[in-house]
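Participant: All I have is the shape, not the residue letters:
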């Protein structure tokens, strides 16, 4: 599993990683000057206990000595939230250098929702079928019209960086994201929780699957810690 | 001067600061354990020389002991570039919590441009008056149509976070940005140079004016250093 | 209060700050595009509730739009732990540039302790009066001998950066530390807790007093949140 | 080559890495939405030119999508300078949890030097053989006496974290350091230059050898760029 599709156009792909549970154990054990020659390759019960202990007691730094390089394709309004996470590295598609392809996020009917409550305690409820269909058509039509306007300006010779001003935030973008497990857990803790916007939660879910496979003991300890990053 | 307008809707406002040239001198002098009682309040020629020395020799940390808190209003496509700068703090308007007002960036006729050259060595040239007028009308029309579609969905009861998907990246946003002089110089060095997009250069110019007034000796040393951040 | 002594030689001094509770409220309210003109200067009950809400729900970024510049003098082994905190700015006394003065941390008799338990669950107990007195004499003698050896090498013409190799980690150092309230709370949450070493806890306690006076509502919300940084 | 000795006790060991020149190229090419299927595994001349272009034009972020995990053993006064580099992850030996072994840095006779000039333009010259021998004996004697005093207090039951106060900064420590190529180049540019202290320059030299082998094109571009980090 190297590529998890999200929606029609989107995906989360793990490009490469340098990450296993043993990296946490070894980094923590340098506190006791355990030499590398003493370090076996398979996690013992004691190692697993150490990871759980570190997680519960907010010893965060041993979880930083690893690295995940993801390639993400997602709507721009999702990328906007993603890029708020400063501990990590990003390189993104540039609408200044390249033409933006005709790819936009279009929510499923079941994803069109209404907002109930007030700031701090929102919840979201389904809308009627008619409203969902109308809204979906509006979103779709806007994407088509906007991209046509964009194309027209490109054809007129207008610079890409100017023409793109008409494109909606539903447009797809893509980026590389390189991050360590500690920052990854922080991202997931904020973007998987029920207050996060549905669309980024779907991406966070995909990211978490790669995390789970790569560092299973750390993943489980994090889940058992209430998904709170150390 | 606390508020510099940029374009029709935008501005850069310095909300507060803890910043003067003396902060650089004092931070550097702690290397020599100069006690605070020995430190006078006015910059001497020697102090100015020290600032220039630090700048030229890439001693960056003494420039970090100060803080500027800006309030910015700018188009979303400008904010996107701004938020790539990770050393600093941001809080932004949320299109999940609040309705997006009917405010969009509309370039002046003279700002509609064409792109010449290839990646790495672009330049931008004016377009004909007709093309400029056509493009400006398209950008304007798209903003109006998109906001009407947005309003319609809001009126139908669709959640703000869903309805906003149709809004173009020319929409205005606003945010607080708190940053120290070292990260500020890094931002300016990248966003004032000729390769930066015109629109963010206008904002960077406004930011630089506040920097110049607040830390004039540091500003001048930075200019004389080719606008390279230490 | 601008200067809190710690031990015989040490202190925590607040050199300057740009920090009040209102900065948290204003940064959070930009999410709702509240204009600055609508913002009054005194905290209302609603403002205080907002700060508590942000603290409890891990909305950390609004706490970053402020700045404290501290001048600290402390033993080197305390500074070593302090500098592990990467979100913040440091400039320190340099033993390469300046001669190290004859100032060393000497624990009080009551501070000489023995360690009970094992990694992860240490506790510390008093030692007998004799042991305390012996240990204190040893620590004192070592500082005197080491500084004499240092002075001798300096007098022989040996470079400061070489001669300082003999100096013990009880030597006093000093530094400027500029930090925002979020990073400050993270520092305090780790360095005021019972597992932190006694000596850095004393400094963290002094830092917390400045925090309390400067941002009383934030401080109280943080205490009520179990001293967990948002 | 996985382990480079430095001095008698020290070393730089590359524990693991996720780093090659292609990671720079791929991260940069996402700007143009080059799909992974189009990406070949071997660097072309065009790829090499791209890396050189990015380096010269201060496009730093593409150099961040890789990771080196080092295990370092070095004197504490070297580690102190190392830990000033905030972009990266550290876990270090703890003198609170473990007994400090009897290992100290002892400079070679040829490394005992005198300092000429003033702050900002120091240079270092050899001392006479007698002075070198005397200084080396003093440093050695101090390490022996200090460790004996430390051992005595440990035997008396004094807590390790208290007893260690007598230990000089020549004591060896060890740590894990995980860092990306951009931060690595910044470290090397500051710690390999002639103004850096001799002892950390030796370690930086060892780090640079691993960098050179792992990312040869990036390394060469960095050298040709005057060893200035992008």
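Facilitator: Perfect, thanks for sending it. Since this is a predicted model, take the numbers as computed values, not measurements.
Participant: tell me the domain ranges of chain A?
Facilitator: A:3-94+A:172-224, A:109-166 (automatic domain parsing).
Participant: And the helices in chain A?
Facilitator: A:21-29, A:45-56, A:76-82, A:129-156, A:160-163, A:181-191, A:198-214, A:216-224 (DSSP state H).
Participant: Same list (these) but as a markdown table, adding distance to residue D:14 and mean pLDDT.
Facilitator: (Glycine included, C-beta is placed from N, CA and C.) A markdown table is the format used below for these (distance: least, CB to CB, whole Å; pLDDT from 0 to 100):
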| stretch | distance to residue D:14 | mean pLDDT |
| --- | --- | --- |
| helix A:21-29 | 13 | 95 |
| helix A:45-56 | 22 | 95 |
| helix A:76-82 | 31 | 98 |
| helix A:129-156 | 47 | 98 |
| helix A:160-163 | 41 | 98 |
| helix A:181-191 | 20 | 98 |
| helix A:198-214 | 21 | 98 |
| helix A:216-224 | 23 | 98 |
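Participant: Which stretch among those approaches residue B:22 most closely?
Facilitator: Smallest distance to residue B:22 across these (CB to CB): 35.9 Å, for helix A:181-191.
Participant: who does that closest one touch, helix- and strand-wise?
Facilitator: Identification of packing neighbours for helix A:181-191 by 3 or more CB pairs under 8 Å, 6 or more residues apart in numbering or on different chains; DSSP states H and E yields helix A:76-82, helix A:198-214, helix A:216-224.
Participant: So which of the helices of chain A is nearest residue C:13?
Facilitator: helix A:181-191 (32.7 Å).
Participant: what is the orientation angle of that closest one with helix A:198-214?
Facilitator: Relative orientation of helix A:181-191 and helix A:198-214, computed by axes from the mean of the first three to the mean of the last three CA atoms, to 10 degrees: 150 degrees.
Participant: if we can go back for a sec, give me whichever of the domains of chain A is most buried.
Facilitator: Of all these, domain A:3-94+A:172-224 carries the top mean neighbour count, a mean of 20, counting by mean count of other CB atoms under 10 Å in any protein chain shown.
Participant: Roughly how far does residue A:168 sit from chain C?
Facilitator: Distance of residue A:168 to chain C, computed by CB to the nearest CB, to the nearest Å: 20 Å.
Participant: got it, and residue A:209?
Facilitator: According to CB to the nearest CB, residue A:209 and chain C sit 24 Å apart.
Participant: Which residue is the nearest non-sequential neighbour of that residue?
Facilitator: residue A:4 (6.3 Å; CB to CB, 6 or more residues apart in numbering or on different chains).
Participant: Spit out the contact partners of the one you found.
Facilitator: Contact partners of residue A:4, counting by CB atoms under 8 Å, 6 or more residues apart in numbering or on different chains, are A:11, A:12, A:13, A:206, A:209, A:210.
Participant: And these, which is closest to chain D?
Facilitator: residue A:13 (7.3 Å; CB to the nearest CB).
Participant: wouldn't the closest one be in contact with residue A:68 here?
Facilitator: No - here residue A:13 does not reach residue A:68: they are 11.1 Å apart, not a contact under CB atoms under 8 Å.
Participant: Need the helices and strands packed on helix A:181-191 in TSV (columns: distance to residue C:89).
Facilitator: Listed next are those as TSV, based on distance: least, CB to CB, whole Å:
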stretch	distance to residue C:89
helix A:76-82	27
helix A:198-214	32
helix A:216-224	31
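Participant: Of the ones you listed, which is nearest residue B:194?
Facilitator: Residue B:194 lies closest, by CB to CB, to one member of the helices and strands packed on helix A:181-191: helix A:76-82, at 26.5 Å.
Participant: does that closest one come close to chain B?
Facilitator: Yes - applying CB under 8 Å from any CB of the partner chain, one finds helix A:76-82 in contact with chain B at A:76, A:77, A:80.
Participant: Same question for stretch A:150-161.
Facilitator: Yes - residues of stretch A:150-161 contacting chain B under CB under 8 Å from any CB: A:152, A:153, A:156, A:157, A:158, A:159, A:160, A:161.
Participant: what about that stretch, how long is it end to end?
Facilitator: For stretch A:150-161, the first-to-last residue distance is 10 Å (CA to CA, to the nearest Å).
Participant: cool, stretch A:59-68 as well?
Facilitator: Stretch A:59-68: ends 20 Å apart by CA to CA.
Participant: what distance separates that stretch from the middle of the whole chain?
Facilitator: 18 Å (CA atoms, centre = their mean, to the nearest Å).
Participant: contacting residues for residue A:178?
Facilitator: Taking CB under 8 Å, 6+ apart as the test, what residue A:178 contacts is A:67, A:68, A:69, A:70, A:88, A:89, D:64, D:65, D:66, D:67, D:180.
Participant: pretty sure the third one contacts residue A:176?
Facilitator: It stands for residue A:69. Yes - the pair residue A:69 / residue A:176 is scored as a contact, 6.5 Å apart, by CB under 8 Å.
Participant: what do these two both touch?
Facilitator: With CB under 8 Å, 6+ apart as the test, residue A:69 and residue A:176 both reach A:15, D:65.
Participant: what bridges to residue A:177?
Facilitator: residue A:70, residue A:90 (DSSP bridges).
Participant: That one is in contact with residue A:89, isn't it?
Facilitator: Yes - here residue A:177 reaches residue A:89: they are 7.1 Å apart, a contact under CB under 8 Å.
Participant: Near chain C, which residues of chain A are found?
Facilitator: Counting by CB under 8 Å from any CB, chain A sits next to chain C at A:31, A:32, A:53, A:57, A:58, A:61, A:84, A:119, A:120, A:190.
Participant: so what's the fourth one closest to, chain neighbours aside?
Facilitator: Of all residues beyond its chain neighbours, the one nearest residue A:57 is residue C:120 (7.3 Å), with distances taken as CB to CB, 6+ apart.
Participant: And for the third one?
Facilitator: For residue A:53, the nearest residue in space outside its immediate sequence neighbours is residue C:120; the separation is 5.8 Å by CB to CB, 6+ apart.
Participant: that older thread, for the residue nearest to residue A:209, give its distance to residue D:30.
Facilitator: 18 Å (CB to CB, to the nearest Å).
Participant: pLDDT score for residue A:37?
Facilitator: Residue A:37 carries a pLDDT score of 48 in this model.
Participant: Taking the contacts of residue A:178 together, which two end up most distant?
Facilitator: A:70 and D:180 (14.7 Å).
Participant: Please give me every residue in contact with the nearest residue in space to residue A:85 that is not next to it in sequence.
Facilitator: Nearest residue to residue A:85 in three dimensions, chain neighbours excluded: residue A:187, at 5.3 Å (CB to CB, 6+ apart). Neighbouring residues of residue A:187 by CB under 8 Å, 6+ apart: A:82, A:85, A:88, A:179, A:204, A:207.
Participant: Nearest residue to residue A:86 in space, please, no chain neighbours.
Facilitator: Per CB to CB, 6+ apart, closest to residue A:86 is residue B:86, 4.1 Å.
Participant: before we move on, what about residue A:169?
Facilitator: residue A:77 (4.2 Å).
Participant: Report the contact partners of that neighbour.
Facilitator: A:105, A:169, A:170, A:199, B:95, B:164, B:165.
Participant: ok, now residue A:99?
Facilitator: A:154, A:160.
Participant: Chain D contacts on chain A?
Facilitator: A:13, A:15-18, A:23, A:26-28, A:30-33, A:36, A:61-62, A:64-67, A:69, A:71, A:89-94, A:97-98, A:101, A:174-176, A:178, A:180.
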